[in-house]
Structures are given as C-alpha cells and as structure tokens.
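Undergrad: no FASTA, just this:
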C-alpha cells in the first residue's frame with residue numbers, strides 16, 4: 001500500500017483517536033501530521049518494515065496524544081471557567097466523512113465526561129470501547145500489561161457510565177425541539193425557554209477567561225432561561241443571527257454578526273423531550289478553525305446602556 005493510500009484510509013481513525021483524546025481540532029490535526037511524518041521517516045528513511053500501518057500509526061498517535069494531555073494538565077487546571085472541547089462542525093461539512101469517525105462519543109457532553117479520566121485511562125477506554133482494539137494491542141500501545149489495561153478500562157468505564165449522556169430522542173423530535181429552541185433564542189422568549197428546558201438543565205459557557213464566558217455552570221430552567229434571554233437582549237434586531245448547524249453530531253447553531261463573522265458556537269443535548277444541557281463556546285482561541293471571527297470587544301463591549 002502506498003503512503004498516499006495509507007494516509008487516505010487511516011486518517012479518519014487517527015484524527016478520531018487524537019480528537020477524542022485531546023479535545024482540540026487543531027492539536028489533533030497536528031498530532032496526526034506528526035504521526036505520519038514519523039511513519040514516513042521510519043519506513044522511507046530508516047527502512048523499517050511495518051506489517052500493520054494501522055497499528056503503527058495508532059500507536060504513535062495515541063502516545064503523542066498522551067504526551068499532549070500530560071503537558072496540558074496544568075493549563076487545564078488553571079483554566080478560567082468551564083473548559084469545553086473545541087467544537088467540530090459535522091454538518092454541512094462536505095468532507096466530514098473523510099475527516100472523522102462520528103458517533104455519540106464525539107458529542108461535547110461525552111468529551112467532557114472523558115475529562116474525569118487520567119490520560120492513560122482515557123486512552124485505554126477509547127481504544128477498547130470505542131475503537132475495538134484488543135487488550136493485547138492496547139498493552140503494547142500504552143506500555144502496560146493486559147491485566148493492567150483491563151483494570152484501567154473497568155475503572156474508566158464505571159466513571160464514564162456515571163456521567164454518560166443519554167440521547168434518546170427521535171430525529172423528528174430533535175429537529176422540532178431544536179427549531180423551537182433557536183426560535184426562542186432569536187425572540188428572547190422567556191416562556192418558550194422555560195417550556196423547553198428540563199428542570200435540572202445546565203448551561204456551560206467557555207470564554208477562556210477573556211471576559212465573555214460564564215465563569216461557572218448555571219443550573220435550573222429559570223436561571224438558564226433568563227441567561228439566554230439576557231444574551232439576546234444585548235443586541236439590536238438583525239445584529240446577530242443564528243445559523244442551525246450540527247456540532248459534534250448534535251444539534252446546534254453558529255452565532256454570526258451582521259458581516260457573517262463567527263461570534264460563538266452553541267449546541268444542546270436533548271433527552272426525554274427536553275433540553276438538558278446547553279454548551280456555548282465563545283473562546284475565540286477554540287473557534288479559529290471554523291470561520292472568520294467577529295470582534296467581540298465591539299459586539300459585547302459597553303457600547304450602549306441596557
């Protein structure tokens with residue numbers, strides 16, 4: 001198999017592993033690129049015989065992701081406000097099938113649950129439960145015994161199951177509730193929000209400490225509804241628009257300014273006919289891969305009294 005064929009065939013798998021591991025689109029792409037460079041040097045420059053490019057590249061990708069997570073731990077512990085993964089628009093991206101293996105383990109809710117795991121637990125759980133690697137393969141990748149890997153997977157699975165989101169709605173119900181939610185966002189309709197939101201709904205806003213996010217999660221339908229209507233009231237009619245998109249496989253929207261530049265990305269988790277979680281990424285460091293960005297200082301600054 002040529003290097004080009006290896007790249008085309010395995011890139012969705014490698015990106016999927018790296019992105020689920022590190023929660024960053026740009027870092028995942030860098031990790032995959034580094035893995036291919038190392039593969040090229042080994043096979044073309046050093047003459048290494050690679051019987052299974054999948055195993056070889058998956059091993060490099062996972063180890064690079066582990067190194068990245070370990071180096072990022074302190075930064076995440078010091079992160080101001082909720083830390084959320086970089087959102088990935090999965091519709092209408094024309095090449096998404098070529099970029100990523102998509103299922104519910106790509107959702108922001110699931111990726112946040114993975115943050116409760118240690119780097120090695122995360123790797124073992126993902127490789128076994130999501131990507132169907134055997135414990136023998138995983139033991140080689142993470143340099144542990146098979147028995148250790150089984151223990152790590154069991155411990156990780158228990159934590160993940162405790163916080164794992166339940167996506168139980170039908171496609172038609174998802175569409176209807178999403179349309180009603182976005183209409184309430186556009187209208188600033190408090191009563192419509194209260195009808196849509198679960199009593200124990202939670203809002204997470206990732207601003208990265210730049211003064212635009214929400215420093216702590218907001219709990220409860222009344223408080224979340226008032227937060228969402230308050231956000232809409234900051235703008236004149238037509239100053240911002242909501243464009244429905246699929247975010248990490250879940251319903252969501254891009255918030256755009258009047259020039260079509262990106263303000264933030266919003267996504268919702270719908271369970272049992274209600275919105276259970278609202279995720280908003282306004283930290284522009286996490287949105288640069290998606291579109292030209294709006295001027296937040298101009299949009300959200302103290303330009304007029306409210």
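TA: Received the coordinates, thanks. Remember, it's a predicted structure, so these values are computed and weren't measured experimentally.

Undergrad: where along this protein do the strands fall?
TA: Under the criterion DSSP state E, the chain contains strands at 89-91, 197-206, 218-219, 240-247, 250-257, 262-271, 274-281.

Undergrad: got the contact list for the third one?
TA: The set of residues that contact strand 218-219 without belonging to it, under CB atoms under 8 Å, 6 or more residues apart in numbering, is 200, 201, 202, 203, 205, 224, 227. C-beta coordinates here come from the backbone N, C-alpha and C atoms, glycine included.

Undergrad: so what's the residue count around the last one?
TA: The burial metric for residue 227, expressed as a neighbour count using other CB atoms under 10 Å, is 16.

Undergrad: likewise the fourth one?
TA: If you count neighbours by other CB under 10 Å, residue 203 ends up with 23.

Undergrad: which residues touch it?
TA: Neighbouring residues of residue 203 by CB under 8 Å, 6+ apart: 214, 217, 218, 224, 227, 228, 277, 278, 280.

Undergrad: hmm, 6 Å instead?
TA: 218, 224, 227, 278 (CB atoms under 6 Å, 6 or more residues apart in numbering).

Undergrad: nearest to residue 50, of those residues?
TA: Nearest to residue 50 among the contacts of residue 203: residue 278, at 45.4 Å, using CB to CB.

Undergrad: returning to what we had before: any chance of the strands of the chain in JSON lines, plus mean pLDDT and distance to residue 160?
TA: JSON lines is the format used below for those (pLDDT from 0 to 100; distance: least, CB to CB, whole Å):
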{"stretch": "strand 89-91", "mean pLDDT": "82", "distance to residue 160": "21"}
{"stretch": "strand 197-206", "mean pLDDT": "95", "distance to residue 160": "18"}
{"stretch": "strand 218-219", "mean pLDDT": "96", "distance to residue 160": "22"}
{"stretch": "strand 240-247", "mean pLDDT": "91", "distance to residue 160": "21"}
{"stretch": "strand 250-257", "mean pLDDT": "92", "distance to residue 160": "17"}
{"stretch": "strand 262-271", "mean pLDDT": "93", "distance to residue 160": "16"}
{"stretch": "strand 274-281", "mean pLDDT": "95", "distance to residue 160": "16"}
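
Undergrad: redo these as a markdown table? Include distance to residue 26.
TA: Compiled in a markdown table, these are given as follows (distance: least, CB to CB, whole Å):
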| stretch | distance to residue 26 |
| --- | --- |
| strand 89-91 | 14 |
| strand 197-206 | 15 |
| strand 218-219 | 28 |
| strand 240-247 | 17 |
| strand 250-257 | 18 |
| strand 262-271 | 15 |
| strand 274-281 | 14 |
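
Undergrad: and of the ones you listed, who's closest to residue 76?
TA: Set against residue 76 and scored by CB to CB, the strands of the chain come closest in strand 197-206, at 11.8 Å.

Undergrad: show me which pair in the contacts of strand 218-219 is furthest apart.
TA: The largest separation in the contacts of strand 218-219, counting by CB to CB, is between 200 and 205 at 17.5 Å.

Undergrad: higher neighbour count, the two?
TA: Applying other CB under 10 Å to residue 200 and residue 205 shows that residue 205 carries more neighbours, namely 24 against 11.
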